[in-house]
Structures are given as C-alpha cells and as structure tokens.
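Novice: need coordinates for the following:
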Amino acid sequence: MSVTVSKRLRFAVASLALLLAAGSAQAQTRAETLRYVTGASVNTLDPNIPGTTRESFAVSLSTYDRLVCFGRKQLNGKWVFDLDKITGELAESYDVSPDGLKLTFHLRKDAKFQDGTPVTAEDVKWSLDREVTAPVLGKAQLLTGSMTSADQFRVIDPLTFEVTLPKPDKLALPNLATVYPIIINSKLAKEHATAEDPWATAWLKEHTAGSGPYVIETFKPGEQVIMSRNEAWNRGSADKPASFKRIIIQSVPEPATRANLVERGDADLAVDLQASDVQSLEAKGKLKVISTPQYNAVTFVSMNNKIPPFDNINVRRAVAFALPYDDMFKAALFGRGAPLFGATWADGKPSSGAYPIPQPVKLDLDKAKEYLKEAGLPDGFSTTFSFNVGQASTAEPMAALVKESLAKIGIKVDIQKMPDAQMSTQINEKKLPFFTEGIVAWLPSTDYFYRNFYTGNQRWNYSSIDDPELVAIAQEARFEPDKAKYEEDGRKLNAIHFSEMPQIPLWQPNQDAVMAPSIEGYTYEFHRQVDYRDLSRK
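Specialist: Here you go, the predicted model:
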C-alpha cells in the first residue's frame, strides 16, 4: 500500500470513527449501524434537482415514500428489482380500469409523514402536480408514462387518488415507482414556498418532508449523510421498521481507500470499487461479493451519425469490426460483466426482441478494411476518441486498445480525457464524433430503450440517429398490448440497430457489491444504487 493511500485510509477510518461516536447518548451499537462508502457524493435531498447524483437517489428512496414500489425477483441466482411486479407503498392497494385509462390508488390509513402529519390524497396531488409542472427532473420521466398534466391527477376523497391516462400505457405504474415521484408533506413544503419558488425547490434541496423509513440527521453535501431510523415506519416487512437504526454514507474519492475500508471492517458496503480491487478482495474470501450484470445498462462506443466521416454507414461498420472486443473486456472489466459481442444470429436475424442482446460483431480487420474501402476511405482518417475522466479506470485501458486496433486499418485516434461537466456539455451539444459512454434504463423494456436513446434531437440520443422507420416502430411498440406483436417489433428494432450501427454495444458491466459477511438483503436496483431498506445484519 502506498504512503498516500495509507494516509487517506487513516483519515477515512478516523472520520468514520468520529461519525460512529456522534450522538453520544443516542449513539447506536456497531451492529445497528450500516456504514456505506462511495466515490461519489450526495448533493441534494430532493432527487428532482437537475444534476442530482445517483447517491442522492438512494437517500431519497429512504427518506420519502412513493405511491408504489418495485418488487424483486431472482435473476441467475441474484436478487434484482422486478419491473413487472408493482406493489403498494403509500398505496395500500390500487386498481386499473378495464380500459387501462384510470389508475385508482387507495392510501394506507396509518401512513404519516415524519412530523406526524397524516398522508392524504391532497399531498399526493400536490406532489405529482409538482412533478409535471415545476422545472424538475421528474417531468421528463413521467412523460414516458403518459403523465404530462396536473389535470390528470384527481383527489376522490382523503384516502383515494386517481390518475387518468390519454391511452393505456404499460409504463405508467412503473414510472410512479421510480425515484422522482416522491410524496411530499405539502403543508410543510408550502410553508417554505415563495412567489418565485412556488414548489419549494430551494428548501427541499436541503430539507426533507417525507414519510420514509429514515430521517436525515446530518447532511453535508459532497461529504457525508447520516440518517436515523423512523421508528413509526412499517412499510418494510410486516409491522417492522427498517432494520438498521442508523445509516452513515461517506464520500471517499479514492477507490483503493474504499476497498481498504471495507476489507478492514471499517465500512460495511461499497458498490463502486475498481474491478481489479473487487477481484482481489473476492479471491481473499473474507468478504461477501455479490456481482450482478447491470441488465438495464449498456456500455457502448458511440459515433455521431451527423458528423463526417461517421455519417457514412460503412465507416461505422468498419469501426465495429475493428474493435478488439475480448481484449477490451478483459482490460476494462477483468471480464466482470455480460459481453454484448461475438453472437451468432441464425439467418442473420436478431435472436430476440429484447434489448440489449449480443450482436454478431467480432474483431475482423479484413472485413473492416473492406468497409472503409466501400466508404471511399481506403487509407483511413483521423479522429478523436473521448471518455469521461471519472470513468478512467475502465475507459482508459479500453481507449488505448481502440487506438491501437484502429491504427491497423488506417484510422488515427487522438484520445481525449474529459472532465465530467465538459463531456456532458459536449454530448448535449452533439459535438463529440467518437466516444464511449453508458446508458441505463430505469424501466428496461425494449421500446423504452429505443424511444429514449435512439430517437429525437435530445441529449440521450448519443449517436444522433434519425431513422423514421425506427421511430415509427418504437412508438407503435410503446402501446402494443399483444406480447407476440411486441416481440416482433423488438426484433425489427434490433435489426435496424445492427444494420445502421449508430453505436456499438460492448457489455453490461457487473454491479459488484462488496460487503461484510454479516450484511444481508442486497438487491440490484433500477438506479444501480443500494436500497438501504432492504439491508439487515445477521
């Protein structure tokens, strides 16, 4: 271990020790406290604020309830969220009308906000009105479930609430289980609203007004959050509050330090360690490692289809057959994930209507050279290849291999490491010709992936693909109730994607959750963060 890492480790250990001591008479025992370390940070208590980190999403799931939540299921022996199982949270039950246009929620009679105020349908109405009216992140999310106007939300009585849809939308209910549609204590929020800020956005960024299982004890943006258990919350298991009495979330930027903290037992859990550290810790056999392929996420190499020469389909195909997939997979992830290359499609047709599926691409330099020749660029060209410096541990070794392999067909690559904010801006402005990034779909259905990442002039259409047939099929699939027809639409979309090659899916990286052997209940969640409500110590 380097001197630098040793110093950082001692500081982090001391910081965690101080946190455990905080609260004097109220301090809980070691067993009753969960200590979580992350390389990122919690920057807001309201998940709707633009720029919210994923760690903030995790905190909001523990401080706020929603009408409904996702169930969970086993996938290859690991617990993951279940998109198809929607259960009540603040809603004791819900009904869907026969025509699919009305969702009626029956609220729990015993639900209270953390200040003791009963949760009512008026609070639900105010909260969801805020989602579709205020300039918040939930506005775009609820749009994907056909919820766009406050007129769609109606209070029937104090414990009954109704949502009206313009047409049946299978993603309406799942949308209400995502991180954004938090149910807020409207009376408390209104006390802190102003004429300029009628939805109390500024106040809610630094304060909570929820009914969830944990109460914020300390909030230091970018550094740490301490949460204590809401003893009145009973929406976990039957008549039981959350398991841990206290949660300590600490930002520790250096991955080696995080790994050491967990290994020493000074932290209980981390989910963002480097693949090499995970491999090492797993080999030692002292910690529990739960590795789940991120089945709702994709890492890809993207090409801007509007910027020459990547506007030429044969250039994109040339790149696809010039990438050293196996070497990249080993160098970036140590093979920890699910590859999306090297498939064989019978008769050249997609093997499934699901997304993503492994594609029939592999390293074939002769084929790549032929495509470049067909593109009118037999001698190649020069370009840049960009990645986010925050993803350097996986992207940098991958980028070096991309550069080396493309040079063999005459494509000269200049690697650009970009700060997160700069890369985000460049992607948003559609200025990057060639880069690596990742996508994640909270609601991983085929049409959701295609509508959000492959259509329209919007940020998440990384490749700027503009294919009218793809758009039409994706929109048709969105409201298709027949499973066989939906599967057929999915196969058509996958065929177009492979034919057009707007970007090249590489793999679904593992979510490696490294934890003390005593920790139980870990579930891979849609937002790729820990749900503290699931966890306990045996």
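Novice: excluding chain neighbours, what is closest to K112?
Specialist: Leaving out its chain neighbours, the residue that sits closest to K112 by C-beta to C-beta, 6 or more residues apart in numbering is P118, at 5.6 Å. Glycine gets a C-beta too; all of them are placed from N, C-alpha and C.
Novice: report how many residues lie close to that neighbour.
Specialist: Look at P118: counted by other C-beta atoms under 10 Å, it has 16 neighbours.
Novice: wait, doesn't it sit right on R108?
Specialist: No: the pair P118 / R108 is not scored as a contact, 9.8 Å apart, by C-beta atoms under 8 Å.
Novice: S93 and L103: what is the separation?
Specialist: According to C-beta to C-beta, to the nearest Å, S93 stands 11 Å off from L103.
Novice: same thing with G212?
Specialist: Taking C-beta to C-beta, one finds G212 at 22 Å from L103.
Novice: look up phi and psi at the residue nearest to V440 when sequence neighbours are not counted.
Specialist: Spatial nearest neighbour of V440, chain neighbours left out: A297 (4.1 Å); criterion: C-beta to C-beta, 6+ apart. For A297, the backbone dihedrals (degrees, to the nearest 10) come out as phi -130, psi 160.
Novice: for A297, give me its contacts.
Specialist: Neighbouring residues of A297 by C-beta atoms under 8 Å, 6 or more residues apart in numbering: G438, I439, V440, A441, Q508, P509, R528.
Novice: of those, which is the nearest to F113?
Specialist: R528 (28.2 Å; C-beta to C-beta).
Novice: pLDDT at the closest one, what is it?
Specialist: What the model reports as pLDDT for R528 is 89.
Novice: sec struct for it, please.
Specialist: Following DSSP: H, G, I helix; E, B strand; the rest coil, the label given to R528 is coil.
Novice: residue numbering should commence at 11 henceforth.
Specialist: Sure, I'll start numbering at 11, so the last one becomes R538.
Novice: need the contact list for it.
Specialist: R64, V281, Q304, A307, V450, Q521.
Novice: if I look at it, how far off is A68?
Specialist: 9 Å.
Novice: all helices for the stretch 111-260 of the chain, in order.
Specialist: 131-143, 148-153, 182-185, 196-200, 211-216 (DSSP state H, counting those that start in this stretch).
Novice: E535 against R543, yeah?
Specialist: No: using C-beta under 8 Å, E535 makes no contact with R543, being 10.3 Å away.
Novice: count of neighbours near Y104?
Specialist: Quick note: Y104 (other C-beta under 10 Å) scores 19 neighbours.
Novice: now do the one helix or strand it maps to: everything it contacts.
Specialist: Using DSSP states H and E, Y104 sits within strand 101-106. With contact meaning C-beta under 8 Å, 6+ apart, strand 101-106 is reached by 77-78, 96, 98, 112-119, 183.
Novice: so where is the stretch 211-360 of the chain shaky, pLDDT-wise?
Specialist: Across the stretch 211-360 of the chain, the ranges flagged by pLDDT under 70 are 246-250.
Novice: so which of the contacts of A307 is the closest to L271?
Specialist: R538 (20.6 Å).
Novice: hmm, back to that, with respect to A405, which of the helices of the stretch 111-260 of the chain lies nearest?
Specialist: Nearest of the helices of the stretch 111-260 of the chain (C-beta to C-beta): helix 148-153, 26.7 Å.
Novice: buried set for that closest one?
Specialist: Applying a neighbour-count criterion of 16 or more other C-beta atoms under 10 Å, one finds G148, K149, Q151, L152 buried in helix 148-153.
Novice: need the contact list for the second one.
Specialist: K149 sits next to E141, V142, T143 when contact means C-beta under 8 Å, 6+ apart.
Novice: chain neighbours aside, what residue packs nearest to the first one?
Specialist: By that I understand E141. Per C-beta to C-beta, 6+ apart, closest to E141 is G148, 3.9 Å.
Novice: great, nothing more from me.
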